[in-house]
Every structure is written in structure tokens, then in C-alpha cells.
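Peer 1: got a sequence here, can you model it:
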Amino acid sequence: MSSALVSAFRTPDLRRKILFVLGILILYRLGATLPSPGVDYTKVHTCLDEISHNQSAGIYSLINLFSGGALLQLSVFAIGIMPYITASIIVQLLTVVIPRFEALRKEGQSGQAKMTQYTRYLTVALALLQSTGIVALADRGQLLQNCSTSSEILRDQSIFGLTIIVLVMTAGACIVMWFGELITERGIGNGMSLLIFAGIAARLPSEGKQILDSRGAIVFTLVIVAALLIIAGVVFIEQGQRRIPVQYAKRMVGRKMYGGSSTYLPLKVNQAGVIPVIFASSLLYLPNLLVQLTSGSGGATSGWQKFVQTYLVDPSNYVYIIVYFAMIIFFTYFYVAVTFNPEERADEMKKYGGFIPGIRPGQPTADYLGYVLSRITLPGSIYLGVIAVLPNLFLEIGNSGGVQNIPFGGTAVLIMVGVGLDTVKQVNSQLMQRKYEGFLK
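Peer 2: Below is the predicted model of the structure:
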């Protein structure tokens, strides 16, 4: 990997792209530390220090993870990239339900541009909704819980002051979306994934130092060793795939003969990526958010509110872990079924004269692909569930009580490893293209 990066910096075009990506990431981290107008930054950091000493994670760990810690600081980029991710997932899932979206997906570049436009509109709406909820919780002193001055972090608690904060956070989410699209168009790699990667990586030094200060050098060393083992396992599984051989028959087009080649159809063990973990975490985040928004000053009194506060708040609770694990498995099967259509793949292979040796083209090929995919999805879903709940199990065993104290587990590792592997592959592919062109010259 180091040789690929050295070669990339020696290539002027790739060097410009890499420096452009680094510049955007610096601006993103600057906005993540810039406080929103009307927020008492000193009291926010005081509350964050109290929370870290009390080892209280709260229900905002996922969004705070994706924003690189900007959410709990109520910065300009506090909402981060989550609205765009949610909007992209919703639009992608709607292609199965709405025929109009399905037709746009098949139109090519023009249809994709229209889908991107719908995604942007939905992102703005979700960012406005989410920023309103976060500001409402901060105004009521429920965002930074277990803090004595949590209700004083907003200087101006008037309607006008709260509206300004909501608009600034919504605008910040739109700027983050624009940053991600700029990286995808003019840089290297997927822009949204790299922004999440930068946010997670920015938190690792402070969380590592917190473990070192609170638990000592021995525990810190064990955490590092465990992190390396988890990363090695994640890399091994992420690279694993089932290669289905595909043979293309020879065919004459005019005076030229095409086909006659053999290739393979790669089916990854983790075909769904980190999307099921995001889905499950988001759904588990919503009930507690609704409880805090609907409960009165005296606290929750209804049955469902007590159930949520008892079982779906503490990440180390066994009910929380079981529900989380089951939802990840369900969403893995659901997302794979939505994104990979065996009938479409079988029709494409049949259209271009391709077939799987020993399998008849058409419906038998679709049935075979569906069978193989279902066999692969089971270990992939279990793998995702185990990696995602590892921090929760560590919390229960070690009784540390805060997800932020396990910085190398779960969603963070899945995202960092996946984004790192994908970015390195794109750098290598662009290097190979330039070397190949130079050889022809």
C-alpha cells in the first residue's frame, strides 16, 4: 500500500486529486469544531468532560460517531453526513416500490442525475428535521445527560435563537453533502465514506488517550492488540467472496467474433456492507428519541416509555444486544434482496451469451444465484452482527458503561476497513490505467 501511495504522489494528476481530498477533509474537520451561534462552547466542553468521567454514552453514539464528535458539541457540522446517508438508502429502497424510480434507475446517466436530485431534496428535509430534534433536546437539557449544566449550553433560548441554530446546522449538513459530492467527482474514492472515515479517525487519539489515562498501560496495550485482531478478521471477511464461473459463448457480429471467454461473478460474503448496521442502529435510536421528545417534565410514565428506558437505552443490556443482533440479520437479508436481483443478473448473462457451466440459462440460472446468495448471506449477517455487538459485550463484561470507550469495535472498524480497502483499490486501478497508457505510447 505504501508503494502505491508513493507512486500516486509521483503522478501529477493523482497528486492533485489526493491533495484536493485532503483539503476538503481539513475543511470538514474545521467545520466540525466550529461552534454554532448561540452555543456556549465552554459549558459544552464542561458537560462532555463530566459525561466522560461518568462513562455515560447515551443514545446518540451512532450519529456522534459519523459526525466525528461534532454532534454533542453542537458545531456547525453537528448533523454531519447522516441525513445524506439516510436519504440515499431511502431513495435506493424506493426503486423497488415506486415504478417511476425503477424507470429512472434504468435510464442511465440522466436517470441517475434525477435520482441524485431527489436525494438532495430529501437530505435537506431530513437535516432540518434532525437538527430541530437535536436543538429541542439541547434546549430541554436532555442532549447531554448526566451533566449539571446541560440546560445552560444554549445562551439564547428564544424562538429566534433556536431557529438560527437549526438553520445553521441544516446548512452545515448541506455543505457536508456538497463536500462529499466534490470528493467523489474530483478526488479519489467515495466522498461520503471518506468524510465518515475522517470523523471516526479524528476521535481515535482522544479515546485511546482516555483509555490510557483511566485504565493504565496494560489495558491500553490489550485494547490495541484486540483492535489489531479485529481489524485482521474484518479484512479477511471483507475480502472473502464466492466466485461463480461464467462462460461466454462465441458469436459473430459482422465480420468479428466476440465472446469465447471465461470469467467469474464475484459474490462477497458481506454483500450488504455496513448498511444493515446503520439501519439497526438508527431504528434503535428512534424510540428513545421519541421518549425524550414526548415525555413531560416529570419523566416517562406510560408503559412503552418505561419499556424503552429499561431495555433499549443501555447498550450493555442483554435485551438491547439481542434486539440489535436480530435486526442486523434481518436488514442484511432485506438489503441484499433489494440490491441484488438474481433474475436481472440471469437475464443480462443470457442477453450477452453467458452461462454458468452445468446450469441452463434463464430461470435455472436465477434460481442457482439465489440459492448461492442465500447460503452466503447467512454467515455474512452473523459476521456483521458479531462485529457490531462486540463493543456492547465488552461493556457488559468490563462494566465500563460507555460505547465511546471501545473505539476499535463495531461500526467504526467496519467503516474504516471498508473505506480504506476501497480507496486503495481505486488508487491502484488509476495507477494501472496510467501505466498501461504510458506503455502504449
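
Peer 1: so where's the stretch 301-441 of the chain uncertain?
Peer 2: 301-302, 314, 316, 392-410, 434-441 (pLDDT under 70).

Peer 1: what about 50?
Peer 2: Applying pLDDT under 50 to the stretch 301-441 of the chain flags residues 398-405, 407, 437-441.

Peer 1: give me the element the nearest residue to N270 once chain neighbours are set aside is part of.
Peer 2: Distances taken as C-beta to C-beta, 6 or more residues apart in numbering place G380 nearest to N270, at 4.7 Å, with adjacent residues excluded. (Each C-beta comes from the backbone N, C-alpha and C, glycine too.) In the assignment (DSSP states H and E), G380 maps to helix 363-398.

Peer 1: and that helix, what other elements does it pack with?
Peer 2: Judged by 3 or more C-beta pairs under 8 Å, 6 or more residues apart in numbering; DSSP states H and E, the packing partners of helix 363-398 are helix 217-239, strand 241-248, strand 262-268, helix 275-294, helix 318-339, helix 342-351, helix 411-440.

Peer 1: can I get stretch 70-83 as PDB, trimmed to CA atoms?
Peer 2: Only the C-alpha atoms of stretch 70-83 are listed here, as PDB (Å, rounded to 0.1, in the frame of the first residue of the first chain):
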ATOM      1  CA  ALA A  70     -19.400  17.200  16.300                       C
ATOM      2  CA  LEU A  71     -23.000  16.300  17.300                       C
ATOM      3  CA  LEU A  72     -22.500  16.600  21.100                       C
ATOM      4  CA  GLN A  73     -20.500  19.700  20.600                       C
ATOM      5  CA  LEU A  74     -23.400  21.300  18.700                       C
ATOM      6  CA  SER A  75     -21.000  22.600  16.000                       C
ATOM      7  CA  VAL A  76     -21.900  23.800  12.500                       C
ATOM      8  CA  PHE A  77     -21.400  20.300  11.100                       C
ATOM      9  CA  ALA A  78     -23.100  18.700  14.100                       C
ATOM     10  CA  ILE A  79     -25.600  16.700  11.900                       C
ATOM     11  CA  GLY A  80     -22.800  15.600   9.600                       C
ATOM     12  CA  ILE A  81     -23.400  13.100   6.800                       C
ATOM     13  CA  MET A  82     -26.200  11.100   8.400                       C
ATOM     14  CA  PRO A  83     -29.100  12.800   6.600                       C
END
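
Peer 1: list the buried ones in stretch 360-375?
Peer 2: Neighbour-count burial for stretch 360-375 flags 361, 365-366, 368-370, 372-373 (criterion: 16 or more other C-beta atoms under 10 Å).

Peer 1: what do you get for stretch 332-340?
Peer 2: Buried residues in stretch 332-340 (16+ other C-beta under 10 Å): 332-333, 335-338, 340.

Peer 1: right, and V176 touches F77 too?
Peer 2: Yes. Between V176 and F77 a contact is recorded at 5.6 Å, counting by C-beta atoms under 8 Å.

Peer 1: anything in contact with each of those two?
Peer 2: 28, 31 (C-beta atoms under 8 Å, 6 or more residues apart in numbering).

Peer 1: pull the distance from the helix holding G380 to the chain's centre.
Peer 2: How far helix 363-398 lies from its chain's middle: 17 Å, per C-alpha atoms, centre = their mean, to the nearest Å.

Peer 1: quick one, it and helix 411-440 angle?
Peer 2: Here the directions of helix 363-398 and helix 411-440 differ by 130 degrees (axes from the mean of the first three to the mean of the last three C-alpha atoms, to 10 degrees).

Peer 1: any idea how far the nearest residue to P342 once chain neighbours are set aside lies from L195?
Peer 2: With C-beta to C-beta, 6+ apart as the criterion, P342 has its nearest non-adjacent residue at 3.9 Å, and that residue is L369. Computed as C-beta to C-beta, to the nearest Å, the L369 to L195 distance reads 34 Å.

Peer 1: I am finished for the moment; much appreciated.
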